[in-house]
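# fold the following for me, if possible:
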Amino acid sequence: MNAMHSAALLCAVTTACLGAGVETNAVHAKLAEEVCRVLEATHTSRHAPDDVISRRAFTNLLEMCDGRHMVFLADDIAEFAKLQDKLDDFFKAGDFSFARRVRRKYRERLKECTTFATNALARAQRPVGNPSTYLFDRSKEPWPSNADARNAIWLTRLASESIFRPAASLSRAYVDKLEAEMKRGEDAVDEDFVMALVSVYDAHTLYLSPKTSGLLEAQLKLSLCGVGAQWTEKDGSVVFTRLIPGGPLAKSGRVSVGDRLVAVSPKGNGTFTRVAGVRSIDLVALFNGKAGEPISLEIEHADGKSEVITIKRERIEIADLAASSQTVETPSGRLGYLRLPSFYVTAPSSNGTFRSSSEDVRTELRKLKKADVKGVLFDLRGNSGGSLDDAVKIIGMFVGSGPAVRMTGHAGEVALDVLGGSIECDTPLVVLVSRDSASAGELVPATLQDTGRAVVAGDRTVGKGTAQTIIHLESHTGAALVVTEGRFYRITGGSTQIKGVEPDIPLPCLASFWKGEEGLPYPVEWNEIASVPFKKSWDMERFVPELRKASAARRAAGSAAWKRHEQLVGWAKEEAYRKTVPLERKARKTLRAHDDAVDDELERLESKGFDPAHREADAVLDEALNILADLVRLNAGRPMPKQESTQDESGLFDGLD
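You can find the predicted model right below:
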């Protein structure tokens, strides 16, 4: 794309999309009044919007536009900042004009940046001073002082991105992003203002527009209808990060991980929406549809070549989201492996029936019991939660009865107890968690750890100890608020918020680089309440010192698989926290080749992971099974004491030695 073509296209985009909106203060005021009332009455802080909320919302509004700090100028920010304490007052009055003003300035500056970038690409202009690195994470950097300073930043960015993309493709992507921004109506800008204010209460309190509210219902399902892919935003483009085996894209054989998505024709009729700059939720909506419906995708491959492929959406059964189990033969006897990636409730299966995680876990535990396993490894790595009621039921399958979880909310303190269900597993238990185990995926291991029922291995969990509720708004049809209304607590009194669950035996997992809840903006603070009276169901924690010592010795001796695992964990952390990349072409290509090789290996390991039949591909699973085998040996095969016993707690474990 030459400079003249770029300028003409920019002019057409601007002329077609810029225009004056009509204020609807009465509608906004009604919406704002309801949002404020819900937040003050329901959010755990009981905090009405004030100047503190206003300043946070001001920051949010700017970051939603220009998170890299390379579009706005410092003078723009200084001018906006004069009103940073007034956003709460504007919001309550239903006056959304400030948000629209910020967005108009952003669009003006984005047009300037896009014009500069496309012209610089056409001239193959190089960065001033020949810098050796590019700082791509500028989120903590000041906004550029003037246009010249901003242009210098952009030249460095262009030098970085053009190493792997042809200038014409890169130029088209920038124009696409501008076009997508200009096409966003003022309703979308207004929604951003609501979101900017609401989300400063904490990272999990959200405003859902009618579109996003409708898509939320898919979260607890075990199947989805679409193309079968996961993606991420990278260098301003949508890049495929995973193709689900058996999904339409994977079966087509024409798309690979790392390919860029350029445009989508939702009906497969040749009418395309270019995706650069499109919000993730809007991209989900483009993919969403009925099974059998066609959809066309314009793909840019790693070699820069583009093609359009047309496939049909399918209902994709994601079997690895449901509970599953296997048996493992070891010198210590037959062990059971139970995997649960989420706590689901009414997930439709392929034959149209409904399932729940608790009933599926019950079924799998009975299979393992019938197989006469001597111990069970309960794998909750990556389990981000779901149905709390199901989580409590599953706790009951291991402890029988007693307190499980406590929570506080606007209704006061609530104790969720196990209601004396049947114990489905009375053998030694190891629970495996990771840095991305969250919410109910933390509460289950916490209770099993506190009651002495299980040994917990893995990484410290994410630390999400808050409960959310969805409140549909009467003032705005189809819209809703997700509000953090309460907090979760262990039965010992401490919250899982921020601190998560500390494993008895630390094992670094591939998700170790996650910052956790404390890395999110405005997290709810940790606190604790009084411990609830409870009776320990077993004493598995007494074996922890010996188990920890044996595990450390094994890992120090270092199998090839474990050494490679530690290397991959280190590389994954380095890539996750990297903020700069080299601009020298050879060094950058070497870095890219290394990253790609690591990503490919991680993808291969993931495809075989969570499977005892491939222990060599999952070093953490392998070591956790070794820990379980040690626990079974130390416990000498004794089952959990019967809870019908009238012994007091001090004599509960008599004779176990």
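# next structured bit after the longest helix seen in the chain?
Scanning the chain for the helix with the most residues, using DSSP state H, yields helix 97-122. Downstream of helix 97-122, the first helix or strand assigned by DSSP states H and E is strand 133-135.
# what's the angle from the helix or strand immediately after that next one in the chain to helix 97-122?
Remark: after strand 133-135, the chain's next helix or strand is helix 147-161, criterion DSSP H and E. If you take axes from the mean of the first three to the mean of the last three Cα atoms, to 10 degrees, helix 147-161 sits at 60 degrees to helix 97-122.
# and the next element down the chain from helix 147-161?
Taking DSSP H and E, what comes next after helix 147-161 is helix 167-183.
# which strands or helices does that next one pack on?
helix 3-17, helix 97-122, strand 273-274 (3 or more Cβ pairs under 8 Å, 6 or more residues apart in numbering; DSSP states H and E). Backbone N, C-alpha and C define where each C-beta goes, glycine included.
# parallel or antiparallel, list what pairs with the last one.
Each strand that strand 273-274 pairs with, and the sense of that pairing, follows from DSSP bridges: strand 260-265 (antiparallel).
# quick revisit: between the longest helix of the chain and helix 167-183, how many degrees?
170 degrees.
# mind listing what's buried in helix 97-122?
98-100, 102-103, 105-107, 109-122 (16 or more other Cβ atoms under 10 Å).
# could you pull out the helices for the stretch 351-500 of the chain?
Secondary structure of the stretch 351-500 of the chain, counting by DSSP state H, counting those that start in this stretch: helices at 357-370, 388-399, 440-450.
# next, count neighbours for residue 57.
25 (other Cβ atoms under 10 Å).
# just the CA atoms of stretch 582-590, as PDB, please.
Presented in PDB, the C-alpha positions along stretch 582-590 are these (Å, rounded to 0.1, in the frame of the first residue of the first chain):
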ATOM      1  CA  PRO A 582      15.700  -6.600  20.200                       C
ATOM      2  CA  LEU A 583      15.400  -4.600  16.900                       C
ATOM      3  CA  GLU A 584      18.400  -6.200  15.300                       C
ATOM      4  CA  ARG A 585      16.900  -8.500  12.800                       C
ATOM      5  CA  LYS A 586      19.000 -11.600  13.400                       C
ATOM      6  CA  ALA A 587      18.700 -11.400  17.200                       C
ATOM      7  CA  ARG A 588      15.000 -10.900  16.900                       C
ATOM      8  CA  LYS A 589      14.500 -13.800  14.600                       C
ATOM      9  CA  THR A 590      16.600 -15.900  17.000                       C
END
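# for that stretch, which outside residues touch it?
Stretch 582-590 is contacted from outside by 127, 131-134, 156, 159-160, 163, 581, 591, using Cβ atoms under 8 Å, 6 or more residues apart in numbering.
# how close does residue 428 get to residue 118?
64 Å (Cβ to Cβ, to the nearest Å).
# I meant to write residue 636 there.
Relative to residue 118, and taking Cβ to Cβ, residue 636 is found at 73 Å.
# check residue 455 too.
Distance from residue 455 to residue 118, by Cβ to Cβ: 59 Å.
# count of neighbours near residue 139?
Count around residue 139 with other Cβ under 10 Å applied: 11.
# same question, residue 128
Using other Cβ under 10 Å, the number of residues around residue 128 comes to 11.
# nearest spatial neighbour of it, skipping sequence neighbours?
Nearest non-adjacent residue to residue 128, counting by Cβ to Cβ, 6 or more residues apart in numbering: residue 152, 5.4 Å away.
# contacts only, for that neighbour.
127-128, 144 are the contacts of residue 152 under Cβ under 8 Å, 6+ apart.
# nearest to residue 564, of those?
residue 127 (37.9 Å; Cβ to Cβ).
# so that closest one makes contact with residue 154?
No. Counting by Cβ atoms under 8 Å, residue 127 sits too far from residue 154 to count as a contact (9.1 Å).
# ok, back up a step: point out the least confident one among the contacts of residue 152.
Lowest pLDDT of those: residue 128, 86.
# you'd agree that residue is up against residue 153?
No. Using Cβ under 8 Å as the test, residue 128 is too far from residue 153 to be in contact (10.3 Å).
# okay, the contacts of residue 152 in CSV with distance to residue 549 next?
CSV is the format used below for these (distance: Cβ to Cβ, whole Å):
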residue, distance to residue 549
127, 55
128, 58
144, 55
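# just those residues now: which is nearest residue 228?
Closest to residue 228, out of all of these and judged by Cβ to Cβ, is residue 127, at 40.0 Å.
# how about the contacts made by the closest residue to the closest one other than its chain neighbours?
Using Cβ to Cβ, 6+ apart and skipping the chain neighbours, the partner closest in space to residue 127 is residue 155 (4.2 Å). Residues in contact with residue 155 (Cβ under 8 Å, 6+ apart) are 120, 125-128.
# stretch 629-646: how far from the chain's middle?
On the basis of Cα atoms, centre = their mean, to the nearest Å, stretch 629-646 sits 37 Å off its chain's mean C-alpha point.
# how about residues contacting it?
So stretch 629-646 is contacted by 330-333, 335, 374-375, 400-401, 423, 426-428, 430, 453, 455, 537-538, 540, 543, 546-547, 550-551, 652-653, 656 (Cβ under 8 Å, 6+ apart).
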